[in-house]
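Q: here is a sequence with its predicted model. Questions after.
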Amino acid sequence: MLNAESAPVKDGHKLISQRVATLPPSGIRKFFDLLSSLEGVISLSIGEPDFVTPWHIREAAVYALEKGYTMYTSNSGMLELRRELANYLELHYGVGYDPENEILITTGSSEALDLVMRAIINPGDEVIVPDPCYVAYPADVVLAGGTPVSVPTSERDGFVVKAADIETKITKRTKAILLGYPANPTGAVMSKEEAGAIAQLAKKRDLLVISDEIYARLVYGAQHVCFASLPGMKQRTILVSGFSKSHAMTGWRIGYVAADRSFTQALTKIHQYTMLCAPTMAQMAAIEALRNGESEVEKMVREYNRRRRFMVKRLNEIGLSCFEPKGAFYAFPSIRATGMRSEEFAEKLLMEEKVAVVPGTAFGASGEGFVRCCYATSLSSIEEALKRMGRFVTKLRKRSA
């Protein structure tokens, strides 16, 4: 017989926070679960570099372990790393940060985004988010007690959100605009003119801009605009980034926030109670990445560009029209010509041809009619995947004829 201390909870669901209970699971997760049950699948679904972290970066972590650097660092992260980041941001984007007070090292950019939302949002505050967008953006806003307000984007505009469209969504509750360019899932890159128009709007309406620039180094025939570098925007911008995509360091979980000290101090309060500090070995590796990793970054970008050109050309050839992505490592082709909805297309492609893509609706309502294809995998795998996709599309045409 169970005693009172070991009696099971009658209805655990009632004890879960309503905010969490009503939060939908990631739309990507369903396809990852399906993937695990099938053999021979070529995945164009996972947004992760297929490159191994360069050896000299891994060696720096090994050295850290050998020397016994296994203790906590400062909550803000190693000052040596923050100084390297300040130099890096100044060199690449011409924006200066005080490494002692304006940079916080986080456990990946995902923690950084979560910290930002919890630090700035009061219950009921609204945050404007382009649609489609990275799946975590609306969820982070909701979990912090805010309300995400979607602004649809379209293929016609290259999936770049416009200042005029943002302005129609601003209310007295609007606190911030959350941007992520280069964009996941579309590969869109925001021009300096478009960014400048949003900057002017943010100043006019006294709004913060949270700029997720995790894909900043992955651009092709375009130039990334660091939002904080725009005139008058450093004090109004919270810059979020990390090493996962540019340096092939996803599993190291090392990111950062650069912002005015009033913001970094607030973020650090939450960080010190929840995460304490990013892993010491990962911070040592990040220092090495910044000091000596540039040639490897450039090499990876060249290879991504080669895959990008092939994928976009082939998608268009098989009848899935695709605008040219200028950043990140995703293509976002239209599947409207098939007459299918995004989720149906992705499921049938997976089951019939064993190719995994992500339905555009996983990233918001404006993603309907599109799928995300990631080219952070080998060119040979991309070639075979697109061969199978071509066969699938041909079969669909025959069925509907």
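A: Received, thanks.
Q: which residue ranges make up the domains of the protein?
A: 13-52+296-393, 57-292 (automatic domain parsing).
Q: any idea which of the ones you listed scores lowest on pLDDT?
A: Ranked by mean pLDDT, these end with domain 13-52+296-393 at the bottom, a mean of 92.
Q: quick revisit: of all the domains of the chain, which one is nearest residue 399?
A: Distances from residue 399 to each of the domains of the chain were compared by Cβ to Cβ, and the smallest falls on domain 13-52+296-393, at 9.8 Å. For the C-beta atoms, the positions are set from N, CA and C on the backbone; glycine is no exception.
Q: show me how far the closest one is from its chain's centre.
A: 14 Å (Cα atoms, centre = their mean, to the nearest Å).
Q: re earlier: need the domains of the chain in TSV with mean neighbour count and distance to residue 399, can you?
A: Listed next are the domains of the chain as TSV, based on neighbours: other Cβ atoms under 10 Å; distance: least, Cβ to Cβ, whole Å:
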stretch	mean neighbour count	distance to residue 399
domain 13-52+296-393	18	10
domain 57-292	20	26
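Q: hey, which helix is longest across this structure?
A: If you go by DSSP state H, the chain has its longest helix at helix 294-317.
Q: list the contacts for the closest residue to residue 345 other than its chain neighbours?
A: Leaving aside its chain neighbours, residue 345 sits nearest to residue 335 (4.7 Å; criterion: Cβ to Cβ, 6 or more residues apart in numbering). Residue 335 sits next to 320, 342, 345, 369, 370, 371 when contact means Cβ atoms under 8 Å, 6 or more residues apart in numbering.
Q: again, but for residue 132
A: 153, 159, 185, 186, 360, 363, 364, 366, 367, 370.
Q: how about 10 Å then?
A: For residue 132, the contacting residues are 150, 152-153, 159, 183-186, 188, 332, 360-368, 370, 372, by Cβ atoms under 10 Å, 6 or more residues apart in numbering.
Q: for it, phi and psi?
A: Torsion angles at residue 132 (phi, psi; degrees, to the nearest 10) stand at phi -80, psi 160.
Q: residue boundaries of the helices in the stretch 101-250 of the chain?
A: 108-120, 136-143, 163-167, 192-204 (DSSP state H, counting those that start in this stretch).
Q: so residue 224 sits against residue 183, correct?
A: No - counting by Cβ atoms under 10 Å, residue 224 does not reach residue 183; the two are 11.4 Å apart.
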